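> need a 3D model of the following:
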Amino acid sequence: MVGRLILPTIPKRGFLMIFDFTEIDHFQKYPTMEPFVGKNYVSVLHNKVLLIGESFYLPNETTVHHSVHDWYNGDNSSIKDWELEWMDTKGLLNCSWQSNGHMIYRELNRCIKTVFINSEFRGVDEIAFINYFQRPSEREGDSFKQFIKHEDIIISKSVINQVIETITPDTVIFVSKYSWDIGNQEIKKTFPKIQVDYVCHPGTGGLYWNNKSYRHGKNKFLEILRKNVI
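The predicted model follows:
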């Protein structure tokens, strides 16, 4: 099942929509992984933009997600409350991003704020965000490519499709080259009217993200956002 759109209201600067993801099976098991949808995602000032990252990771001492079978047949009850914070999409997009691991959110917020100018709100309030893979990486900070299984691909494609059907973005930007490699063709095939593109992970710093000679870094991200200003 896909999620449902409920309760449209009209605030000062756009259309505030509350999206319901509770009918998506994976989010019934792991509601903390539901997408973050900013309060100004639907706006009269810009198109609807969905950013797709790669994956969460859990503390190294946590092992419940190391088994593909156990993870996709389990639920939040197998994870301690303090561990759930590591994969709480909405919580992470709303926190202060002080740790080194939060550089991705700091950079995305800064860039969005630059283009979707609005002094009243944070940049991420203008977009939606979800990680592509629906099982956390098995080691802290490691790319999911080291642990991916066939089931991860099948389930992630299904969940992302259902999220897109629910929030109907105009533009999807992968902010991870690896998730782009795995997922972009499915989105393009299923949703041919949506603009789909990618940039590298913003946490790569000067190596890629801020490297002006690299074509898929911060400058490309800013340009894609500018094209979505109405």
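> list the contacts for residue 114?
By C-beta atoms under 8 Å, 6 or more residues apart in numbering, the contact set of residue 114 is 123, 222. Every C-beta, even on glycine, is put in place using the N, C-alpha and C of the backbone.
> and the pLDDT at it?
As predicted, residue 114 sits at a pLDDT of 92.
> show me where pLDDT drops low in the protein?
The chain contains residues with pLDDT under 70 at 1-16, 118-119.
> and with 50 instead?
1-2, 4-12 (pLDDT under 50).
> helix or strand next in line after the longest helix seen in it, which one?
The longest helix of the chain (DSSP state H) is helix 150-167. Of the helices and strands lying after helix 150-167 in sequence (DSSP states H and E), the nearest is strand 171-174.
> and that next one, what does it pack against?
strand 49-53, helix 177-190, strand 195-198, helix 218-227 (3 or more C-beta pairs under 8 Å, 6 or more residues apart in numbering; DSSP states H and E).
> partner strands of the shortest one and their direction?
Here strand 195-198 is paired, per DSSP bridges, with strand 171-174 (parallel).
> angle of the longest helix of the chain against strand 49-53?
Interaxial angle of helix 150-167 relative to strand 49-53 (axes from the mean of the first three to the mean of the last three C-alpha atoms, to 10 degrees): 160 degrees.
> next, the angle from helix 150-167 to helix 177-190.
Going by the same axes, to 10 degrees, helix 150-167 makes 60 degrees with helix 177-190.
> flag every buried residue along helix 150-167.
152, 155-157, 159-164, 166-167 (16 or more other C-beta atoms under 10 Å).
> what is the nearest of these to residue 130?
For the buried residues of helix 150-167, the residue nearest residue 130 by C-beta to C-beta is residue 163; the value is 5.9 Å.
> which residues in this structure form strands?
Listed in chain order, the strands of the chain (DSSP state E) span residues 4-9, 16-20, 36-37, 49-53, 128-131, 171-174, 195-198.
> coming back round to it: who are the packing partners of the longest helix of the chain?
Applying 3+ C-beta pairs under 8 Å, 6+ apart, we find helix 150-167 packed against strand 4-9, strand 16-20, helix 25-29, strand 49-53, helix 68-72, strand 128-131, helix 177-190.
> distance of the spatially most central residue of the chain from residue 165?
Taking C-alpha atoms, centre = their mean, the centroid of the chain lies closest to residue 130, which sits 2.1 Å from it. Per C-beta to C-beta, to the nearest Å, residue 130 is found 13 Å from residue 165.
> do residue 203 as well
From residue 203 to residue 165 the distance is 29 Å (C-beta to C-beta).
> count the neighbours of residue 142 for me.
Per other C-beta atoms under 10 Å, the neighbour tally for residue 142 reads 13.
> how about it, nearest residue that isn't a chain neighbour?
Among residues not flanking residue 142 along the chain, residue 57 sits closest, at 6.9 Å (C-beta to C-beta, 6 or more residues apart in numbering).
> ok, the one you found - contacts?
86, 136-142 are the contacts of residue 57 under C-beta under 8 Å, 6+ apart.
> mind giving me the ChimeraX select for those, buried ones only?
Listed next is the ChimeraX selection for buried residues among the contacts of residue 57, using 16+ other C-beta under 10 Å:
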select :86,136,137,138
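> pull the number of nearby residues for residue 122.
Neighbour count of residue 122, defined by other C-beta under 10 Å: 17.
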